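[1] any chance you can model this:
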Amino acid sequence: MYQTESLWKQSQRNGIAIINKCYQKNQFASLLINEVDGLIADSENHRLHNFMGGLLQHHTLKSTKYMAKWIEAKNKN
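    Next up, the predicted model:
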């Protein structure tokens with residue numbers, strides 16, 4: 001398929017058709033909006049139970065702390 005351009009393009013068209021058929025905007029738009037609205041309404045509870053987000057936030061803050069310490073030590077010389 002990689003070496004045959006016509007086969008590649010046909011496969012690409014087929015893939016786009018499958019995606020458009022399975023994920024129609026009008027079918028999922030209201031579900032997405034409802035999910036986002038629910039998260040906004042209950043954001044405090046969501047944040048309390050979002051382990052991965054907390055983990056990423058913790059490491060972001062720690063890396064900033066140690067970068068600041070490194071810059072401070074570097075500037076002392």
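[2] domain ranges for the protein?
    What automatic domain parsing lists as the domains of the chain is 1-41, 51-77.
[3] give the rounded mean pLDDT of the first one.
    Domain 1-41 carries an average pLDDT of 91.
[4] will you turn the domains of the chain into TSV that also has mean neighbour count?
    (Each C-beta comes from the backbone N, C-alpha and C, glycine too.) Shown next, in TSV, are the domains of the chain (neighbours: other C-beta atoms under 10 Å):
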stretch	mean neighbour count
domain 1-41	10
domain 51-77	9
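[5] contacts for the helix or strand hosting Leu31, please.
    Assigned by DSSP states H and E, Leu31 belongs to helix 25-41. Outside helix 25-41, the residues within contact range by C-beta atoms under 8 Å, 6 or more residues apart in numbering are His46.
[6] report the central residue of the protein.
    Centroid check for the chain by C-alpha atoms, centre = their mean gives Gly53 as the closest residue, at 11.4 Å.
[7] from Asn26, how far out is it?
    Look at Gly53 and Asn26: by C-beta to C-beta, to the nearest Å, they are 31 Å apart.
[8] same check on Ile33?
    12 Å.
[9] go on, Asp42?
    26 Å.
[10] so how far is Ile18 from the nearest residue to Trp8 once chain neighbours are set aside?
    Of all residues not flanking Trp8 in the chain, Met1 sits nearest, at 5.5 Å (C-beta to C-beta, 6 or more residues apart in numbering). Separation of Met1 from Ile18 (C-beta to C-beta): 16 Å.
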